[in-house]
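>>> Predicted structure and sequence below. I'll ask about it afterward.
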Amino acid sequence: MDLVNPDSLTATVDAVNEAFFMHTPLTASARRSAAATIAARQGGPGAYGRMFAPIGVELAHGFRLFTGEKVPGGRGGLHILGEEACRALVLLGPSSKPVRDSLDRASAAIMEYAASAKPVAIIAPVPGPRNLPGMYCCMKCSVSVWRHLSVRTESAAERFIAAGLKALHAHRTGDGRWMAWPFHYTLLALSEIDLPAARAELRYAAGQCEAELAGRASRANIYSQRRRLLMERILAKC
């Protein structure tokens, strides 16, 4: 199975995400090829910090997250692509020193940024602190950080995610959603986080998942298919 799109880093990362989401077996060759392709973009022109650069002008009009939400171009899109690329490399299991080194440099950069970032202000009128840690830039960016950190083992990564889940909880709207958070992308991240707080948020969202599944006809759109499978998996666990 060839995961590499030589003209698009976003497409290559999406293919890696698809393989792991669908539990598709990957050969060692496919893993090495995809990892080397992603790693080669580390620190290149246009990269966010020391993360991973898009190929050419592929982000000129933004791109779509794995669950279909649109991400505009600019620094936000570059940051999310960088987080997703880091996550893909961890999952692929970098076996060569150049790949490991590129992942280490990119990961160190985002951990530095996350540690020094000012907490994102709570936008809903909720009791308690008006600013919470565990967030980075905006809600979409924060979820991308959680997805990256969820596949890492450092205690700092778990602390950051745990703090972010408190912010998410504070933004509940009462109908199974969260104010300003991308619903399906957030569900995807929560389904991958092995913490009681994440499971609690999935139980909170279960009713909304049931309502969406009941109202959605089967579609050929890949994002709709992914969303449906994701919500079915979540309901099976709740």
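Everything's here; your move. The shown structure was predicted, so the numbers you read here are calculated from the model rather than taken from an experiment.
>>> Could you check the pLDDT of Cys238?
For Cys238, the pLDDT comes out at 87.
>>> Tell me who's in contact with the nearest residue to it once chain neighbours are set aside.
Nearest in space to Cys238, with sequence neighbours left out and distances taken as Cβ to Cβ, 6 or more residues apart in numbering, is Ala206 at 4.4 Å. C-betas here are computed from N, CA, C, even on glycine. By Cβ atoms under 8 Å, 6 or more residues apart in numbering, the residues touching Ala206 are 176, 234-235, 238.
>>> buried residues in stretch 101-109?
Applying a neighbour-count criterion of 16 or more other Cβ atoms under 10 Å, one finds 102-103, 106-107, 109 buried in stretch 101-109.
>>> any low-confidence regions in the protein?
114-132, 216-219 (pLDDT under 70).
>>> Run through the strands of it in chain order.
Counting by DSSP state E, residue ranges of the strands within the chain are 63-64, 70-71, 120-121, 131-132.
>>> The buried residues of stretch 101-109 in helices, which ones?
The members of the buried residues of stretch 101-109 that map onto helices under DSSP state H are 102-103, 106-107, 109.
>>> Pick out whichever of these sits closest to Leu65.
Closest approach between those and Leu65, by Cβ to Cβ: Ala106, at 19.0 Å.
>>> right, and out of the contacts of Ala206, which lies closest to Pro54?
Ile234 (30.9 Å).
>>> Show me this structure divided up by domain.
1-116, 119-238 (automatic domain parsing).
>>> mind checking how far the shortest one is from the chain centre?
Read it as domain 1-116. The chain centroid and the centroid of domain 1-116 are separated by 11 Å under Cα atoms, centre = their mean, to the nearest Å.
>>> Kindly format the C-alpha coordinates of stretch 3-23 as CSV.
Provided in CSV are the C-alpha atoms of stretch 3-23 (Å, rounded to 0.1, in the frame of the first residue of the first chain):
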residue,chain,number,x,y,z
LEU,A,3,0.8,6.1,1.3
VAL,A,4,2.9,8.8,-0.4
ASN,A,5,1.6,11.6,-2.6
PRO,A,6,4.7,13.3,-3.9
ASP,A,7,2.8,16.5,-4.5
SER,A,8,1.0,16.9,-1.2
LEU,A,9,2.1,16.5,2.4
THR,A,10,-1.5,16.9,3.5
ALA,A,11,-2.6,14.0,1.3
THR,A,12,0.3,11.8,2.5
VAL,A,13,-0.6,12.5,6.2
ASP,A,14,-4.2,11.9,5.4
ALA,A,15,-3.4,8.5,3.9
VAL,A,16,-1.4,7.6,7.0
ASN,A,17,-4.3,8.6,9.2
GLU,A,18,-6.7,6.6,7.1
ALA,A,19,-4.6,3.5,7.3
PHE,A,20,-4.5,3.6,11.1
PHE,A,21,-8.1,4.7,11.5
MET,A,22,-9.2,1.7,9.4
HIS,A,23,-6.6,-0.6,11.0
